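Asker: here is a sequence together with a model predicted from it:
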Amino acid sequence: MDPPLPADKDRPTPITHVVASHYNARPELGVDARKQSNVLQLRKFNNWVKSVLINQYTRGGHHALDLGCGKGGDLIKWNQVRIRELVGLDIAKVSIEQARQRYQSLKRANFQATFHAVDCYQESITPYLPSGFMADVVSMQFCMHYAFDCEEHVRTMLQNVSRHLKPGGHFIGTIPNANFLVKRIRSIPDNQFGNSIYRVEFDSKDPFALFGHCYRFTLRDAVDDCPEYLVHFKTFVAMAAEYGLQLLENRPFHEFYAHHMNNPRAVELIHRMQVVSPQHPELSAEEWEVAGLYLAFAFKKRDN
Ligand SMILES: C[S@@+](CC[C@H](N)C(=O)[O-])C[C@H]1O[C@@H](n2cnc3c(N)ncnc32)[C@H](O)[C@@H]1O
């Protein structure tokens, strides 16, 4: 049986407020503005990683749960794999409204979708799902690390994932690679590093806590000095196992790219999504450095 859900909290913690208002305040850039971004190729690369993951673990007719779905940036990816139903949840109300509008304006959407604003790390998501909803795939893209402000939030998040994932179904996601961040910050005298398009700034370097170890992240045209939390990966894997989730893969993005260059479908996608010319990813050196901060993971829910 699953461990019990921690008691619900009536009031959001200050950090939850900060993260939600940060994403609520991000303007919805039109297609033209997005095309002029300094991190356009990085965005395309990140989208390619998410597409490959979604393609790998999703089949036609599947039911999908997108936690931290934001403005619905993955709707086209879900449409392309021909899922039957999507539920998208995010703490940021403005983003959820934009996701709804984006879904409604999708031409030829071949799946049903519903969206709700909910804190997936502090509340049970069950009341927001269609009755009896069980997902074949749960996706958490660039958002799970916000749960790591404390153990209780990680447990609520894992309970939400596991309770609504079918046995044999997959839990996929992308997060900052804490191992890389910690090695990097320990190797320099400063409390911050970055380049012309990003900055990572730690308040404290040692000791690194398993939960609640905060740093601030800035990425040009995307994130402004937002607090984020290190995900101690071994702890995450051990806790996920308590909820019946077994790790299948964990690949830093540079390795993910090298690995999937042997996969014809991923290669076809990387050309179609205009991430690369035939030989190499067309990211600037600065963008490629940012890509190296992240990893992709996949878990499988135990069959029994
Ligand atoms: C970097 S955005 C990623 C959005 C989307 N998954 C994507 O890949 O485009 C991170 C998202 O996590 C959401 N988020 C942060 N904390 C959350 C929480 N407690 N519950 C639900 N969503 C949360 C934010 O509102 C934001 O939309």
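Answerer: Now that the structure is in, tell me what you want to look at.
Asker: residues near the closest residue to the ligand within the stretch 1-150 of the chain, how many?
Answerer: Proximity of the stretch 1-150 of the chain to the ligand (Cβ to the nearest ligand atom) peaks at Gly70, 2.8 Å away. For glycine as for every other residue, the C-beta is placed from the backbone atoms N, C-alpha and C. Per other Cβ atoms under 10 Å, the neighbour tally for Gly70 reads 20.
Asker: which residue is the nearest non-sequential neighbour of it?
Answerer: Ser95 (5.0 Å; Cβ to Cβ, 6 or more residues apart in numbering).
Asker: run through the residues that contact the one you found.
Answerer: 23-24, 26, 69-71 (Cβ atoms under 8 Å, 6 or more residues apart in numbering).
Asker: which residues does Val175 form a beta bridge with?
Answerer: Heads up, residue 175 is Ile, not Val. Leu295 (DSSP bridges).
Asker: one more: Glu85?
Answerer: Here Glu85, judged by DSSP bridges, has bridge partners His63, Gln112.
Asker: I'd like the numbering to begin with 835 instead of 1 from here.
Answerer: Got it, first residue is 835 now, which makes that one Glu919.
Asker: mind checking how far it is from Leu876?
Answerer: To Leu876, Glu919 is 31 Å away according to Cβ to Cβ, to the nearest Å.
Asker: for Pro1023, grab phi and psi.
Answerer: phi -70, psi -30 (degrees, to the nearest 10).
Asker: check the burial of Val1016 by counting its neighbours.
Answerer: Neighbour number of Val1016 under other Cβ under 10 Å is 18.
Asker: you'd agree it is up against Ala1043?
Answerer: No - with contact defined as Cβ atoms under 8 Å, Val1016 does not count as touching Ala1043 (11.3 Å).
Asker: returning to what we had before: with neighbour numbers in mind, choose between Glu919 and Leu876.
Answerer: Using other Cβ under 10 Å, the more surrounded residue of Glu919 and Leu876 is Leu876, with 26 against 18.
Asker: I'd guessed that one sits against Val1124; true?
Answerer: Yes - using Cβ under 8 Å, Leu876 makes contact with Val1124 at a distance of 5.7 Å.
Asker: which residues do the two both contact?
Answerer: Ile1031.
Asker: can you put the contacts of Ser929 in CSV and add secondary structure?
Answerer: As requested, the contacts of Ser929 are exported to CSV (DSSP: H, G, I helix; E, B strand; the rest coil):
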residue, secondary structure
Tyr857, helix
Asn858, helix
Arg860, coil
Cys903, coil
Gly904, coil
Lys905, coil
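Asker: how about the residue of the stretch 835-984 of the chain closest to the ligand, what does it touch?
Answerer: Per Cβ under 8 Å, 6+ apart, neighbours of Gly904: 857, 924, 926, 929, 933, 977.
Asker: repeat that for 10 Å
Answerer: 857, 860, 922, 924-926, 929-930, 932-933, 975-977 (Cβ atoms under 10 Å, 6 or more residues apart in numbering).
Asker: among those residues, which are in helices?
Answerer: 857, 929-930, 932-933 (DSSP state H).
Asker: just those residues that are near the ligand?
Answerer: Filtering these for proximity to the ligand (criterion: Cβ under 6 Å from any ligand atom) leaves 857, 929.
Asker: need the residues touching each of Val1016 and Ala1043.
Answerer: With Cβ under 10 Å, 6+ apart as the test, Val1016 and Ala1043 both reach 1064, 1066.
Asker: most neighbours among the contacts of Ser929, please name it.
Answerer: Busiest of the contacts of Ser929 [other Cβ under 10 Å] is Cys903, holding 29 neighbours.
Asker: what is the least confident helix or strand in this protein?
Answerer: When the helices and strands of the chain are compared on mean pLDDT, DSSP states H and E, helix 865-869 comes out lowest with a mean of 58.
Asker: just checking, next helix/strand downstream of that helix?
Answerer: Proceeding C-terminally, helix 865-869 gives way to helix 874-891 as the next helix or strand, assigned by DSSP states H and E.
Asker: for that following helix, C-alpha coordinates in CSV please.
Answerer: What follows is helix 874-891, C-alpha atoms only, in CSV (Å, rounded to 0.1, in the frame of the first residue of the first chain):
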residue,chain,number,x,y,z
LEU,A,874,15.9,29.8,-29.7
GLN,A,875,18.1,26.8,-30.5
LEU,A,876,18.2,25.8,-26.9
ARG,A,877,14.4,25.9,-26.8
LYS,A,878,14.3,23.7,-29.8
PHE,A,879,16.8,21.3,-28.3
ASN,A,880,14.8,21.1,-25.1
ASN,A,881,11.7,20.5,-27.1
TRP,A,882,13.4,17.7,-29.0
VAL,A,883,14.5,16.0,-25.7
LYS,A,884,10.9,16.2,-24.5
SER,A,885,9.6,14.9,-27.9
VAL,A,886,12.0,11.9,-27.8
LEU,A,887,10.9,11.0,-24.3
ILE,A,888,7.2,11.3,-25.1
ASN,A,889,7.6,9.3,-28.3
GLN,A,890,9.6,6.6,-26.4
TYR,A,891,7.1,6.0,-23.7
